[in-house]
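Asker: Sequence plus the predicted model coming up.
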Amino acid sequence: MTQGYFAVIDTETTGLFPGNHDRIAEIAVVTLDRSGTVLDRWETLVNPERDLGKQSIHGIRAKDILDAPRFVDIADELDWRLSGTIIVGHNLSFDARFLGSEFQRAGLALPDYYLPRGLCTMQMAHEYLPGAGRSLQDCCDSFSIELRHAHSAGDDAQATAVLLSRYIDLDPDLDDWDYLLAQAAATSWHETPPDTLRSPVHRSSAESAQTHFVDRIVVRLPEITGPAAHQEYLALLDRALLDRYLSAHEQSALVRLAEELELSKTTVMELHGQYFSSVADTAWADGVLTAEELQDLATMAELLQIPADQLASASLARELSPSSGPSPTGAAASFFEPGDLIVLTGDMTRSRSLIEAELESAGYLAHPAVTKKVKLLVAADPDSLSGKARKARSYGIPVVGEEYLWNQVLNPLTPSRQG
């Protein structure tokens, strides 16, 4: 760089302790010039190679980071982006600790002088916003700066960048601005970007924008498989739909199995239609379709990409008849037996000790580790990347969310879930 710039950063992390085991899960860098003009915004989710911690804080879902780069994958690019800049952050010491720890873990190191000479907009508020609160929202409110999505690295960094520009506007002739940027330019350590740049991965904006897993199945003709392969696919589908939710891992597993069994997309859709019909038949077995059962059918239709007319037909009143077709076995009452081992992972809405007591009271055993004897893993996020979740998937143990635990394992009273 021929001139220095401000590099405003923000990170979202799995917790508070980088020296222990917490990691960066999202990072953003917004570049500003001396006038406070934003020149560039770069952000990406980062696979922390562990569970995401308190997702209620940062809002990152495990399914969003499945294809995200690890920090080591972006370390060279980040090193280049920070070269020739003065680093800026709101509560910079927090982000700096994580940044230093991640670079060290990646086998790299920022120059010793780089992080200590950075600017903290939270500390600067004492001078430019006396009496204001220390949070980013408080400081932004003082200038009517829009903070669109708090605890999103990109939006937090963008808001912090605007906040810095307001500070510059308040004190445009301060010599420190020019001095720091001159230092940054003089100590630039990378002039050119790395040979390979990883594509950033961003948060999902909407479920509807994602490609349905059925559309990832290759259209293949002619098909050389038969009923045995169909039953194998239905069996996996049955396990995956145990909690009426298809995690990203489960979707990928279904796509992968369809590929291995050489099932065409047409056949997969036919199997989904048969499966859905069996769920509808079971719901109508007592001659009544409750509101809960109707909602269950709608959920299943969305998960399996069932046409609207088939859902509408399944919702129409019919005569009492036994269910037929490949019957789904995803009922807690039939899937679980007294003494089954159930493992928990992640931060649940209730305390771990309370959940374990509830399991024991219901006749199940809360188990601390995943073994092949475990019947179910309950995760705060069904797409969890925790070691327990990875091990459970390798053993073919269903991974479900907390809602399934309370509604179907500990209180299996909803008829629609007993199909």
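Answerer: On my side now, so go ahead.

Asker: Only C-alpha atoms from now on, for both contacts and neighbour counts.
Answerer: Will do.

Asker: For the stretch 201-350 of the chain, which residues score under the pLDDT cut-off?
Answerer: 205-211, 213-226, 317-334 (pLDDT under 70).

Asker: mind listing the helices in it by residue range?
Answerer: Listed in chain order, the helices of the stretch 201-350 of the chain (DSSP state H, counting those that start in this stretch) span residues 227-240, 248-260, 265-283, 291-304, 308-314, 332-335.

Asker: Run through the neighbouring helices and strands of the longest one.
Answerer: Contacting helix 265-283 under the criterion 3 or more C-alpha pairs under 8 Å, 6 or more residues apart in numbering; DSSP states H and E are the following elements: helix 227-240, helix 291-304.

Asker: Just the buried positions in the last one, please.
Answerer: Residues 293-294, 296-298, 300-301, 303-304 are the ones in helix 291-304 that count as buried (16 or more other C-alpha atoms under 10 Å).

Asker: follow-up on the earlier one: indicate which one of the helices of the stretch 201-350 of the chain is closest to S142.
Answerer: If you check each of these against S142 by C-alpha to C-alpha, helix 248-260 wins as the nearest, at 41.4 Å.

Asker: can you give me how far that closest one is from the chain middle?
Answerer: Centre-to-centre, helix 248-260 and its host chain are 19 Å apart (C-alpha atoms, centre = their mean, to the nearest Å).

Asker: Give me the angle between it and helix 291-304.
Answerer: 60 degrees (axes from the mean of the first three to the mean of the last three C-alpha atoms, to 10 degrees).

Asker: which residue ranges form the strands in the stretch 101-250 of the chain?
Answerer: Assigned by DSSP state E, counting those that start in this stretch, the strands in the stretch 101-250 of the chain fall at 119-120.

Asker: Quick one, which of the helices and strands packed on helix 265-283 gets closest to Y395.
Answerer: Taking these one by one with C-alpha to C-alpha, helix 227-240 is closest: 12.8 Å.

Asker: Give me the helices and strands touching that closest one, please.
Answerer: helix 248-260, helix 265-283.

Asker: Helix 265-283 and that one, what's the angle between them?
Answerer: 60 degrees.

Asker: Show me which positions of helix 227-240 end up buried.
Answerer: Buried-residue list, helix 227-240, by 16+ other C-alpha under 10 Å: 229-230, 233-235, 237-240.

Asker: Nearest to H90, out of these: which one, please.
Answerer: A240 (42.5 Å).

Asker: For that closest one, list the residues it contacts.
Answerer: By C-alpha atoms under 8 Å, 6 or more residues apart in numbering, the residues touching A240 are 246, 250, 398.

Asker: okay, now the domains of this structure?
Answerer: 5-186, 211-314, 332-418 (automatic domain parsing).

Asker: For the nearest residue to K372 once chain neighbours are set aside, give me the pLDDT.
Answerer: Of all residues not flanking K372 in the chain, Y395 sits nearest, at 6.2 Å (C-alpha to C-alpha, 6 or more residues apart in numbering). What the model reports as pLDDT for Y395 is 84.

Asker: Equivalent analysis for the one 10 residues further on, please.
Answerer: In this model, L405 is scored at 89, pLDDT.

Asker: sec struct for it, please.
Answerer: At L405 the chain is in helix, as set by DSSP: H, G, I helix; E, B strand; the rest coil.

Asker: mind checking how far the closest residue to it other than its chain neighbours is from V400?
Answerer: Spatial nearest neighbour of L405, chain neighbours left out: V378 (6.9 Å); criterion: C-alpha to C-alpha, 6+ apart. Distance from V378 to V400, counting by C-alpha to C-alpha, to the nearest Å: 5 Å.

Asker: more neighbours, those two?
Answerer: V400 (27 against 22; other C-alpha atoms under 10 Å).

Asker: rewinding a little: and the buried residues of helix 227-240, which is closest to S83?
Answerer: Scanning the buried residues of helix 227-240 for proximity to S83, where the rule is C-alpha to C-alpha, the winner is A240, at 46.8 Å.

Asker: Distance check, that closest one against A301.
Answerer: In this view, A240 and A301 are 15 Å apart by C-alpha to C-alpha.

Asker: try T85
Answerer: T85 is 52 Å from A301, by C-alpha to C-alpha.

Asker: do S83 as well
Answerer: 51 Å.

Asker: where do the helices sit along the stretch 1-150 of the chain?
Answerer: Under DSSP H, counting those that start in this stretch, the stretch 1-150 of the chain gives helices at 55-58, 71-82, 92-105, 121-128, 136-143.

Asker: Y5 is nearest to which of those?
Answerer: Using C-alpha to C-alpha, the nearest of the helices of the stretch 1-150 of the chain to Y5 is helix 71-82, at 9.1 Å.
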